[in-house]
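A.B. asks: sequence? don't have it. structure:
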Ligand code: SF4
């Protein structure tokens, strides 16, 4: 008789609820949870095949099932028991800290960790090692959104909720192929448009993706011109008198400086720079402002919308129809990522389209728990519960919470900087948790050089054969989805429980040393490191790691949020059990979370006002030229996830796209005399890969596109035409946004030649 355990999908930031069916300690099926507010029972192709990736017969071949170490690089790893493995890790980290200082240890974690895992890692690095040298692969995903929110709204908090998808009049999707990357949300959008045919969809994307193909208006802008487009739209709103001057005066500051910048972004200038039609810019600005009349009475659209047509009264007294913007890596993964985010939020502030039902700027989270990591502050420049590293009062609060005299002030290195420092010899120990930098970080020759140069590499992983495990001196096996307990936060600030349905699989010869939850590994190492590095702690040092359960970690985390913008002091495991997933904030005394933020026009800034950021348009870091004439764009496929550690195990998920191909516009192919299906060499200033070519008119001339999922190791070291396949990050640029330090994974200058 199968048992059902309620949990959450481990893939994207939609955060769908799942029901795991299991029997005899094995997962036998998965269904969408009809009661979960993110998906109401729906799952996409990835979520609905989760149980197949957990088949017991796969585990022995694909999972890391016991600790292992290498006596020398290049040697096969040897089995080790947990206790000596933890002792070895602790002694190598402690001796490095003593010899070279705490900045010589870099801890690189993941947006796929649970909040409880993240909390323990953050406390370990900042509280025990005494540095901020911890960063997350969320740096590649959401850090531009974090800076965008903080710079304009004062806090890293997405204001809307999923329900706003159904309440908006206009949806503006920018830099997101939502239909593939957040499929269950897109089904919700399709349903909403079927119910209200006048719900309009604008998509800004250089490619005609499946999302763009559904749009009423597709703005196929030139790559990297997002700020120019968004400034151009604001220019039109100003010119046409569509902004809400009363809202701007009452609830914002800094508009004059921005106004001076956008003055130059005339429709003619914007159309030329972005490669768009002026008429389309005018239509987009009009729809986004929400001042245009509803569908004419008597038309089918008006009849269908009559019952639910949303309208709100602006601060200036004008009736507006709400606009919801959805955005993702197209804005974030850019050397102008934080400016892209701010420029989009400006449109909402200038028109008062925020805090209202159906309105607001809404960043879609790439990973399942990038939000949770931000909440606990587990990044190089963040502190617990949205506190600021640079604020002495905030540091003192965290020190007191953790039982320490102080916590370090100096920001640590971001993801790319951490590996650059390792490549230069400044970082001696790398501890990599639940992520695969030897495939996913830009500029792979630098990253792989860093992994080779580091004196000791610890890889804490669920899967045995990632690109990064090949570089590990010590491998620590981690439990994964279906085997561990905790919480995650999805894109709409909604916290859901992740539950253990089955025990982690065991190796028959090492059954006593099986995979452990990430927070347990971090806790046990933290206890050892505390004893080694602080043998005589003194009265002021009372830091502890004696958590018996993930709930104990959660309770300490929620206590740390008391009085903060994300206050979840009222959100116990018991309440999550009783009432189901909840949005933050949910302070003590409340029984439900808050759907949307800033309804009262007050923002978490010193003066309570949102801020316009006077940021000018800058082109991408790397310019296309005669040597590298094409702009390389990258992105997800519908049925794969990240480096395919899990989805790559399932044959049925390859039906959609069996192998990586380079997409190129037919005009460019004709000009270079390249044939569809031919093997081509793609070269950037950093590397070269060889793969098949595919004609594609869905992107513009001068652009090429590669999916992000493949690396050499996913293909078992397979080569094409004698060239190793290193995947898209052999080519990508390590240039990053100066404010968010998020790398520009969406743009590199390349050339394509026949092989
Ligand atoms: Fe999982 Fe995202 Fe698919 Fe939902 S939409 S089932 S969270 S991958």
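C.D. replies: All right, it came through fine. All values reported here derive from a predicted model rather than from experimental measurement. Numbers count the residues shown, from 1 in each chain.

A.B. asks: now the strands for the stretch 101-250 of the chain?
C.D. replies: Secondary structure of the stretch 101-250 of the chain, counting by DSSP state E, counting those that start in this stretch: strands at 105-109, 134-136, 170-174, 200-204, 217-219.

A.B. asks: who are the packing partners of the last one?
C.D. replies: What that stands for is strand 217-219. Using 3 or more CB pairs under 8 Å, 6 or more residues apart in numbering; DSSP states H and E, the elements in contact with strand 217-219 are strand 200-204, helix 278-289. In this view, the C-beta of every residue, glycine as well, is placed from N, C-alpha and C.

A.B. asks: wait, which of the ones you listed is closest to the ligand?
C.D. replies: strand 200-204 (18.5 Å; CB to the nearest ligand atom).

A.B. asks: neighbouring strands - and their directions - for the closest one?
C.D. replies: Paired neighbours of strand 200-204 in the sheet (DSSP bridges): strand 170-174 (parallel), strand 217-219 (parallel).

A.B. asks: can you show me the strands along the stretch 251-400 of the chain?
C.D. replies: 252-253, 312-313, 319-320, 323-327, 360-363, 382-383, 387-388.

A.B. asks: turn these into JSON lines, columns for mean neighbour count, mean pLDDT and distance to residue 515.
C.D. replies: Converted to JSON lines, the strands of the stretch 251-400 of the chain look like this (neighbours: other CB atoms under 10 Å; pLDDT from 0 to 100; distance: least, CB to CB, whole Å):
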{"stretch": "strand 252-253", "mean neighbour count": "18", "mean pLDDT": "98", "distance to residue 515": "50"}
{"stretch": "strand 312-313", "mean neighbour count": "15", "mean pLDDT": "96", "distance to residue 515": "51"}
{"stretch": "strand 319-320", "mean neighbour count": "17", "mean pLDDT": "96", "distance to residue 515": "53"}
{"stretch": "strand 323-327", "mean neighbour count": "27", "mean pLDDT": "98", "distance to residue 515": "36"}
{"stretch": "strand 360-363", "mean neighbour count": "27", "mean pLDDT": "98", "distance to residue 515": "33"}
{"stretch": "strand 382-383", "mean neighbour count": "26", "mean pLDDT": "94", "distance to residue 515": "28"}
{"stretch": "strand 387-388", "mean neighbour count": "18", "mean pLDDT": "94", "distance to residue 515": "33"}
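
A.B. asks: out of those, which gets nearest to residue 545?
C.D. replies: Closest approach to residue 545 among the strands of the stretch 251-400 of the chain (CB to CB): strand 382-383, 18.5 Å.

A.B. asks: so the biggest helix by length in the chain versus strand 105-109, what angle?
C.D. replies: Assignment by DSSP state H gives helix 82-100 as the longest helix of the chain. Helix 82-100 and strand 105-109 meet at an angle of 130 degrees, taking axes from the mean of the first three to the mean of the last three CA atoms, to 10 degrees as the criterion.

A.B. asks: which residues touch helix 82-100?
C.D. replies: 67, 69, 80, 104-105, 129-130, 428-429, 431, 455-456, 458, 474, 476, 513, 516, 521, 524-525, 528-529, 532-533 (CB atoms under 8 Å, 6 or more residues apart in numbering).

A.B. asks: what about residue 192, how many residues nearby?
C.D. replies: By other CB atoms under 10 Å, the residues close to residue 192 number 17.

A.B. asks: what's the answer for residue 189, then?
C.D. replies: 23.

A.B. asks: before we move on, what about residue 83?
C.D. replies: Neighbour tally, residue 83, other CB under 10 Å: 12.

A.B. asks: quick check, pLDDT for the residue of the chain found nearest the ligand.
C.D. replies: The minimum distance from the chain to the ligand, using CB to the nearest ligand atom, falls at residue 47 (2.4 Å). Each residue has a pLDDT score; the one for residue 47 is 97.

A.B. asks: next, the contact list for it, please.
C.D. replies: Here residue 47 is in contact with 9, 11, 16, 18, 30, 32, 184 (CB under 8 Å, 6+ apart).
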